[in-house]
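Participant: any chance you can model this:
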Amino acid sequence: MQTTILTRLSNLSMVVVMLLAGMSSAVAEPIFRAGFDDSLFVRPQAYDQALRNPMKGFTTSGVRTGGNAHEYATLAHVYINWNQLENSEQDGLDKILAVSNERFNQGPGSNIKVIPRVILRWPDDGNYWPADMQTGDYTSVQFQQRVLRLVQRLGQAWNNDSRVAFIELGIFGAWGEHHSPSPTTSMQTLVGNAFRTAFPNKQVSVRHAWSDFRGHGFGEYWDSFAHQDQMSEHGKPVADLNRNEGFYLTNYVGGETAYNWGSSNTQPGPNPTASVSLPIHRDFVANTIRWLQATQLRWIDGYDATNPTARAGAAILQKLMGYRYVLDSVEFSTRVRNSRLPVTLRVKNEGSAPFYYQWPIEVALHDPVTKAVRWSARFANADIRSWTPGSGWTQPEWDPLPYWPHNVVRPGWSSQAQRWNVPPALHSLSEEFSVNLPTGTYVLTVAVLDPAGMQPSLRFATRQYWNGGRHPLGLVGFGLDGGPLPAAMVFDNPATDLTLRYAYP
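Facilitator: Numbering: from 1, shown residues only. Purely as a prediction, here's the structure:
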């Protein structure tokens, strides 16, 4: 009887404190499971808005922070000229590190990571060959020696750099897009092996993953994503890789839209604002994202952010690109006995792609008033890369042409109802933690940590959120009863939290 009274007083006092802090109720109704001692089963409230989550979505050209920051971008694409990294054989690793620091250093404080690409040629702008190399020579013994040395040093600089998300292989051809000229078969083998060796800890992508640099486990960057003239010649081969090899499960798909050639006015539209705001274009891009299970896109990031219709359309696309982890349900013990705390999470990926790095999942217990962490641990058997989305999005139908590009998407794909052939599965994660705290009631939270500093970063699509990256789930008692979150608790908005960051070095 005395314990029951203490429990009620403890919970009541916590609610009073939260009410005094100006909080109001927004908690989903919990379900108590019969037959489970002190077990609470909760379905957290879903969050419907787009999230500025790491390593997915709209991607800027160069790192943009402060007043110039993009509302969603946590990725920045960075072109780097070879002769900036080394202009002669005498230049060493220190020069690569200096350039990297200059181009990447604004990222950690704004939770932005970069996708670098080294280039040798930019049409109508210039060539960026080192002064002691022959411009346009992609095959000589000297080129082979120098490119291998460069890639090895890039690996030393970037493979464990927390500021680097993905690597685009680049180097060959105009804009580093592997055409004009294309790399020879022997150079693909040589340089592909070098990149694979130099970057065991990073995802690497190439321009034509279905035909070039095969066998190295590289992803795809498409330089004219959802372009009317390349859907059949470039989009379909990527879709075939996904269908036949499960390509997207281990390799990210991304790139950029393009608005300056061919039939771009037809699709993806005449400019980024049209791409995100007009349904005929937005839905076409959305279908292509899901069809190819894409993670990120740039150039399209340049939509007019003062246009409400454009912002609404951009939110739709941001939700589709990459992963979107929804907390379907949570089950945990509300009263710790024998220092054991069992926790089960069930998650659904409603995005278009997996997450490609093994980031840890933390559970923590917090002081209910100050929110200070009193205990934390990480799931030992968690691998969020296995939280896969649906697969087999409805494919476009094709109209043949008697000239290049030979086939175009039949009108109507944008407006017709589409679906996953295999819907997203429910992924379950369970562990029993050992924990001992003083008598009291604590708030249980879950978070996904960036290994660079082990701070919360990746957020679930649930309204149960605290600024700083953690999701409160319920109350756990030590010597007292726990239960659902207090009816008086409100949450912060995960879409507007700009406090997240990671550590470098």
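
Participant: any regions of the chain where pLDDT drops low?
Facilitator: Within the chain, the stretches falling below the threshold (pLDDT under 70) are 1-37.

Participant: mind listing the helices for it?
Facilitator: Read by DSSP state H, the chain holds these helices, from start to end of the chain: 2-20, 82-85, 93-104, 141-158, 185-198, 236-245, 247-250, 272-277, 279-292, 308-320.

Participant: what's the closest of those to Ala226?
Facilitator: Shortest separation from Ala226 across these is recorded for helix 279-292, at 4.1 Å, computed as CB to CB. Just so you know, the C-beta spots here come from the backbone N, C-alpha and C atoms, and that holds for glycine as well.

Participant: burial of the residue nearest to Gly269 when sequence neighbours are not counted, as a residue count?
Facilitator: By the measure of CB to CB, 6 or more residues apart in numbering, the closest residue to Gly269 outside its immediate chain neighbours is His281, 3.6 Å from it. Residue crowding around His281 was assessed by other CB atoms under 10 Å; the count is 26.

Participant: before we move on, what about Ala382?
Facilitator: Using other CB under 10 Å: Ala382 sits among 18 other residues.

Participant: who are the contact partners of the closest residue to it other than its chain neighbours?
Facilitator: When the adjacent residues along the chain are set aside, Ala382 lies closest to Ile361, with 4.5 Å between them (CB to CB, 6+ apart). If a contact means CB atoms under 8 Å, 6 or more residues apart in numbering, then Ile361 has Leu345, Arg378, Phe379, Ala382, Ile384, Leu429, Val446, Ala447, Val448, Leu449 as its contacts.

Participant: in CSV: the residues you listed, plus distance to Tyr252.
Facilitator: Output for the contacts of Ile361, formatted as CSV (distance: CB to CB, whole Å):
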residue, distance to Tyr252
Leu345, 24
Arg378, 24
Phe379, 24
Ala382, 20
Ile384, 14
Leu429, 23
Val446, 25
Ala447, 23
Val448, 18
Leu449, 20
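
Participant: now, of those residues, which are buried?
Facilitator: Burial by neighbour count, judged by 16 or more other CB atoms under 10 Å, picks out Leu345, Phe379, Ala382, Ile384, Leu429, Val446, Ala447, Val448, Leu449 from the contacts of Ile361.

Participant: pretty sure the last one contacts Gly468?
Facilitator: No - if you go by CB atoms under 8 Å, Leu449 and Gly468 don't touch, sitting 11.7 Å apart.

Participant: hey, what's in contact with both of those two?
Facilitator: Pro456.

Participant: if I look at Leu458, how far off is Ser430?
Facilitator: From Leu458 over to Ser430 the distance is 20 Å, taken as CB to CB, to the nearest Å.

Participant: which of these two has more neighbours?
Facilitator: A direct count of neighbours by other CB under 10 Å for Leu458 and Ser430 places Leu458 higher, at 23 against 12.

Participant: ok, and the closest non-adjacent residue to the more buried one?
Facilitator: Val448 (3.9 Å).

Participant: quick check: bridge partners of that neighbour?
Facilitator: Following DSSP bridges, Val448 is listed with bridge partners Ile361, Leu458.

Participant: just to check, it is in contact with Arg470?
Facilitator: No - applying CB under 8 Å, one finds Val448 not in contact with Arg470, separated by 9.7 Å.

Participant: anything in contact with each of those two?
Facilitator: With CB under 8 Å, 6+ apart applied, the overlap between the contact sets of Val448 and Arg470 consists of Pro456.

Participant: returning to what we had before: so who does the residue nearest to Gly269 touch?
Facilitator: Shown in contact with His281 (CB under 8 Å, 6+ apart): Gln267, Pro268, Gly269, Ala274, Ser275, Ser414.

Participant: mind doing that once more with 7 Å?
Facilitator: Applying CB atoms under 7 Å, 6 or more residues apart in numbering to His281 gives the contacts Gln267, Pro268, Gly269, Ala274, Ser275.

Participant: repeat that for Arg385.
Facilitator: Residues Pro354, Phe355, Tyr356, Gln358 are the ones in contact with Arg385 under the rule CB under 7 Å, 6+ apart.

Participant: can I get those residues in CSV including distance to Leu292 and neighbour count?
Facilitator: CSV is the format used below for the contacts of Arg385 (distance: CB to CB, whole Å; neighbours: other CB atoms under 10 Å):
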residue, distance to Leu292, neighbour count
Pro354, 14, 21
Phe355, 17, 25
Tyr356, 15, 23
Gln358, 24, 11
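
Participant: ok, those residues vs Asn193, which is closest?
Facilitator: Within the contacts of Arg385, proximity to Asn193 (CB to CB) peaks at Tyr356, which comes in at 21.1 Å.

Participant: quick check, that closest one in contact with Tyr252.
Facilitator: Yes - proximity of Tyr356 to Tyr252 meets the contact threshold set by CB atoms under 7 Å, at 5.5 Å.

Participant: what sits in contact with each of the two?
Facilitator: With CB under 7 Å, 6+ apart applied, the overlap between the contact sets of Tyr356 and Tyr252 consists of Gln203.

Participant: neighbours around the residue lying closest to Thr74 once chain neighbours are set aside, how many?
Facilitator: For Thr74, ignoring the flanking residues on the chain, the nearest one in space by CB to CB, 6+ apart is Pro54 at 4.8 Å. Other residues within reach of Pro54 by the criterion other CB under 10 Å amount to 24.

Participant: wait, Pro54 touches Asn111, no?
Facilitator: Yes - checked against CB under 7 Å, the pair Pro54 and Asn111 is within contact range at 6.3 Å.

Participant: anything in contact with each of the two?
Facilitator: Thr74, Ser457.

Participant: still on that earlier bit, relative to Ala382, how far out is the residue nearest to Leu458?
Facilitator: In this view, Val448 and Ala382 are 9 Å apart by CB to CB.

Participant: relative to Arg121, which of the buried ones among the contacts of Ile361 is nearest.
Facilitator: Relative to Arg121, and with distances defined as CB to CB, the nearest of those is Ile384, at 38.5 Å.
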